[in-house]
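Engineer: just coords:
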């Protein structure tokens, strides 16, 4: 499968590497075609992939993984090009974290709007599925890093796209279908992005970013 | 123990009833001394408690449980009176939910401030511990309603107060000490209040408010 990774940071690196390992064709896009981080990643996967601009990646991918910094996601997707995103599944992973006031970060948008919604509004033809943003990138690609059952919360307007994404997350990374909670339409991005306020503080308390939550309900 | 319950809604009702059942002296405070909801609750506990104003309750209690609506919490605590709150543990349960735009609610304050912080700032002598606000009131008083291990996340500036609250939540309701996560100082109220965005949507998806989360970390 031809997969576009937008962003050459930690998340793009982790997901891109895993996808190359399991035999997919990956093009990692950055602001510039030959970014330092992109070239470093390319070496790390022994050149078994490609790098290029956001537009190169978006044109290449049958599916798009948004691994950009949340503060830059909209700009990156604009460079990717609306036409290149049209009718494609866009797994929207980045969170709108604002580190400008130090740690822990706040959010650049929240409460009555979210990055997931902003992206779906600006690119109405993209099939946006917010997913994976509630776990660290090592857990994204290897959920078994966290013992026992734990959940991945996704949302999006396109039910078919969500079903496909659940299948892909299982196939690519080993996320069990029964561990995926579909929270509803893309407005639920508010919920999974606002959860980051808790996530960053749990990271501090637990001393590792390799954790996740399991939701349990009463039996009756 | 003399316990003040501020607020005669669902949460005050549930906590007040449980505390009366296990033999504590409870005074439930409302805006008016003889509120309808207060009288109804008093009948439901066969008059084995007292009702009064917020000031009556705050003066009476050796410990204060803030079960008000988040939108009214500051006003209620002002009526309670700063002098009545001084040096007392204030378990701050309410969330700043804004239902004015319908369901699901947004928050009246979030991201770079929180209700817990607003209250601690306005009442610096109160020993504010944010707790119980991440679960439904039925789960607050009976954590075993949710099967298996699950966690309660608390925060506050006063470490001694937090330790006392952990002990009381165990004694009163059966919360296990190892299930309580201390997230840090009162600024972490942002995290547990913003989690409500997820909580209200999980309620919708799960079809019951009787659920909770368990945080699991990697072994290494």
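Structural biologist: Okay, I see it. Keep in mind that what you see is a predicted model, and the values were worked out from it rather than measured. Numbering: from 1, shown residues only, chains lettered A, B, ... in the order given.

Engineer: Could I get the buried residue list for stretch A:7-24?
Structural biologist: Residues of stretch A:7-24 classed as buried by neighbour count (16 or more other Cβ atoms under 10 Å in any protein chain shown): A:7-9, A:11-20, A:24. The C-beta positions use only the backbone N, C-alpha and C, and glycine is treated the same way.

Engineer: what's the residue nearest in space to the middle of chain A sitting at in phi/psi?
Structural biologist: Residue closest to the average C-alpha location in chain A (Cα atoms, centre = their mean): residue A:93, at 2.1 Å. Phi and psi for residue A:93, reported as degrees, to the nearest 10, are phi -100, psi -30.

Engineer: pLDDT score for the nearest residue to it once chain neighbours are set aside?
Structural biologist: In space, and not counting its chain neighbours, residue A:93 is closest to residue A:132: 4.7 Å by Cβ to Cβ, 6 or more residues apart in numbering or on different chains. We have a pLDDT of 98 for residue A:132.

Engineer: and residue A:132, that's in a helix?
Structural biologist: No: counting by DSSP: H, G, I helix; E, B strand; the rest coil, residue A:132 is not found in a helix; it is coil.

Engineer: Show the contacting residues for the closest residue to residue A:144 other than its chain neighbours.
Structural biologist: Excluding its sequence neighbours, the residue lying closest to residue A:144 (Cβ to Cβ, 6+ apart) is residue A:174, at 6.4 Å. Going by Cβ atoms under 8 Å, 6 or more residues apart in numbering or on different chains, residue A:174 touches A:142-144.

Engineer: Relative to chain B, how far out is residue A:174?
Structural biologist: 15 Å (Cβ to the nearest Cβ, to the nearest Å).

Engineer: which residues touch the helix or strand harbouring residue A:128?
Structural biologist: Using DSSP states H and E, residue A:128 sits in strand A:127-130. The contact list for strand A:127-130 (Cβ under 8 Å, 6+ apart) reads A:87-92, A:116, A:119-120, A:154-158, A:160-162, A:165, A:186, A:188-189, A:192-193.

Engineer: What is the subsequent helix or strand relative to the helix ranked longest in chain A?
Structural biologist: For chain A, the helix that runs over the most residues, judged by DSSP state H, is helix A:189-206. On the C-terminal side of helix A:189-206, the nearest following helix or strand under DSSP H and E is strand A:211-217.

Engineer: buried residues in that following strand?
Structural biologist: A:211-217.

Engineer: repeat for stretch A:80-100
Structural biologist: A:80, A:84-85, A:88-98.

Engineer: Please apply the same query to stretch A:39-53.
Structural biologist: Buried-residue list, stretch A:39-53, by 16+ other Cβ under 10 Å: A:41-42, A:45, A:49-53.

Engineer: how about the strands in chain A?
Structural biologist: A:2-6, A:25-30, A:50-53, A:63-66, A:89-92, A:97-98, A:106-107, A:127-130, A:152-156, A:180-182, A:211-217 (DSSP state E).

Engineer: Generate TSV for these, with distance to residue A:136 as supplementary columns.
Structural biologist: TSV is the format used below for these (distance: least, Cβ to Cβ, whole Å):
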stretch	distance to residue A:136
strand A:2-6	17
strand A:25-30	19
strand A:50-53	24
strand A:63-66	16
strand A:89-92	16
strand A:97-98	13
strand A:106-107	18
strand A:127-130	16
strand A:152-156	12
strand A:180-182	17
strand A:211-217	8
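
Engineer: Quick one: closest of those to residue A:200.
Structural biologist: strand A:97-98 (8.0 Å; Cβ to Cβ).

Engineer: now for that closest one, which elements pack on it?
Structural biologist: Packed against strand A:97-98 by the contact rule (3 or more Cβ pairs under 8 Å, 6 or more residues apart in numbering or on different chains; DSSP states H and E) you find strand A:106-107.

Engineer: Would you mind pulling up the elements that the strand it packs on packs against?
Structural biologist: strand A:97-98, helix A:189-206.

Engineer: give me every residue that touches residue A:156.
Structural biologist: A:116, A:120, A:127-131, A:162, A:165, A:185-186.

Engineer: Chain neighbours aside, what residue packs nearest to it?
Structural biologist: Nearest one to residue A:156, counting by Cβ to Cβ, 6+ apart, is residue A:129 at 4.0 Å.

Engineer: Could you give the number of residues near the one you found?
Structural biologist: Using other Cβ atoms under 10 Å in any protein chain shown, residue A:129 is surrounded by 29 other residues.

Engineer: just residue A:207 next, same as before
Structural biologist: Neighbour count of residue A:207, defined by other Cβ under 10 Å: 9.

Engineer: Got the phi and psi for it?
Structural biologist: phi 80, psi 10.
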